[in-house]
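In: 3D, please:
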Amino acid sequence: MSETSPKPNDYESAATGASATVAEFEHHGGFLTRIQHTLHQNPALVPLIVLVLSVILFAVLIGSNFFSPFALTLILQQVAIVGITAAAQSLVILTAGIDLSVGAIMVFSSVIMGQFTFRYGLPAEISIIIGLAAGTLMGFINGVLVSVMRLPPFIVTLGTWQIFLAANYLYSANETIRAQDIAEQAAALQFFGNSFKIGGAVFTYGVVLMLVLVAVLAYALKQTAWGRHVYAVGDDAEAAELSGVQTKKVLISVYALSGLICALAGWVLIGRIGSVSPTSGQLANIEAITAVVIGGISLFGGRGSIVGSLFGALIVGVFSLGLRMAGTDPQWTYLLIGLLIIGAVAVDQWIRKVSV
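Out: Below you'll find the predicted structure:
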């Protein structure tokens with residue numbers, strides 16, 4: 001009996017069929033992989049696309065009024081404080097932490113600026129420096145508790161949020177310093193509320209500060225050793241420490257810088273509302289975290305762009321103003337922002353799962 005052996009053509013056919021199958025699989029898988037790698041390497045791309053689409057959507061629904069220079073710059077004015085506090089929150093979240101005290105630091109710093117001017121009679125410029133130093137100190141305390149004491153950031157900042165908030169009320173005695181008094185005696189406190197025109201657009205100096213701050217931080221995070229260490233700590237703190245990164249110093253610097261940025265937001269807050277109020281900025285924590293999450297910064301740390309958090313803040317501003325101009329119920333804003341948050345987290349999980 002003779003056995004039937006496969007012909008060479010049979011092998012070639014089988015090999016060709018297998019190659020075609022693999023090629024077809026790689027073709028489909030490659031397209032998705034390219035998208036995922038692109039989003040992984042450019043984390044600000046998703047919020048930018050959402051921002052552009054939302055602007056186009058409201059321009060279609062509302063008309064050309066939404067594209068007017070006044071309306072677009074009004075969005076920038078409204079999100080200036082959120083954008084600045086989101087920048088502070090972004091730095092902390094990039095290290096795989098979170099800072100629930102950003103709003104309390106912002107308001108307490110603004111109160112310190114006002115009280116040192118009107119209670120103790122110091123020049124406004126000196127009071128502003130003291131307020132900025134106080135915000136930095138509050139952030140430094142958070143950093144020491146997280147890095148040296150190795151306490152969970154969520155618990156630490158939840159506690160200091162309550163402490164700073166209580167200290168704010170006790171120190172100010174719930175006293176609001178009126179806008180008229182500030183304008184007459186300490187105009188420097190309202191500096192970031194001053195505006196200038198470029199064509200039909202109206203910009204405040206608070207908006208300029210937000211844009212400059214984001215640009216400087218984006219450069220520092222991408223082009224400096226400190227920025228690379230921030231990402232390394234957020235990605236894997238233990239591995240970063242083994243590779244020579246001084247993780248404790250990095251964390252302390254991040255929280256202290258976050259506190260300083262929040263104090264700057266407090267100064268901008270005075271200019272925005274005109275007065276010094278211990279009860280202002282109640283939603284700053286939630287708004288900052290919302291902007292960061294929608295902006296594509298991973299809550300697990302180590303991935304994201306601070307420019308994305310600016311886009312996230314602008315998305316919230318576009319939806320808020322657009323729905324108001326459309327005459328809809330304000331609750332729709334919260335509903336849509338909630339959906340965007342869930343969608344942003346889902347996209348982040350998808351990118352982390354498949355990107356290598």
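In: from the middle of its chain, how far away would stretch 40-47 be?
Out: How far stretch 40-47 lies from its chain's middle: 14 Å, per C-alpha atoms, centre = their mean, to the nearest Å.
In: before we move on, what about stretch 181-199?
Out: Between the centre of stretch 181-199 and the centre of its chain there are 26 Å (C-alpha atoms, centre = their mean).
In: cool, and stretch 336-355?
Out: With C-alpha atoms, centre = their mean, you get 16 Å for stretch 336-355.
In: next one: stretch 51-69
Out: Mean C-alpha position of stretch 51-69 versus that of the full chain (C-alpha atoms, centre = their mean) differs by 23 Å.
In: now stretch 323-331
Out: Using C-alpha atoms, centre = their mean, the offset of stretch 323-331 from its chain centre is 25 Å.
In: contacting residues around it?
Out: With contact meaning C-beta atoms under 8 Å, 6 or more residues apart in numbering, stretch 323-331 is reached by 58, 61-62, 65-66, 71, 332-333, 336. (C-beta placed from N, C-alpha, C; glycine too.)
In: Among those, name the buried ones.
Out: 58, 62, 66, 71, 333, 336 (16 or more other C-beta atoms under 10 Å).
In: Hmm, the third one is touching residue 57, no?
Out: Think residue 66. No: at 9.5 Å, residue 66 does not count as touching residue 57 under the criterion of C-beta atoms under 8 Å.
In: Identify the contacts common to the two.
Out: Common neighbours of residue 66 and residue 57 (C-beta under 8 Å, 6+ apart) are residue 322.
In: Same list (the contacts of stretch 323-331) but as JSON lines, adding distance to residue 118, secondary structure and pLDDT.
Out: Converted to JSON lines, these look like this (distance: C-beta to C-beta, whole Å; DSSP: H, G, I helix; E, B strand; the rest coil; pLDDT from 0 to 100):
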{"residue": "58", "distance to residue 118": "42", "secondary structure": "helix", "pLDDT": "87"}
{"residue": "61", "distance to residue 118": "46", "secondary structure": "helix", "pLDDT": "84"}
{"residue": "62", "distance to residue 118": "43", "secondary structure": "helix", "pLDDT": "84"}
{"residue": "65", "distance to residue 118": "41", "secondary structure": "helix", "pLDDT": "78"}
{"residue": "66", "distance to residue 118": "41", "secondary structure": "helix", "pLDDT": "81"}
{"residue": "71", "distance to residue 118": "36", "secondary structure": "helix", "pLDDT": "83"}
{"residue": "332", "distance to residue 118": "41", "secondary structure": "helix", "pLDDT": "86"}
{"residue": "333", "distance to residue 118": "36", "secondary structure": "helix", "pLDDT": "82"}
{"residue": "336", "distance to residue 118": "41", "secondary structure": "helix", "pLDDT": "86"}
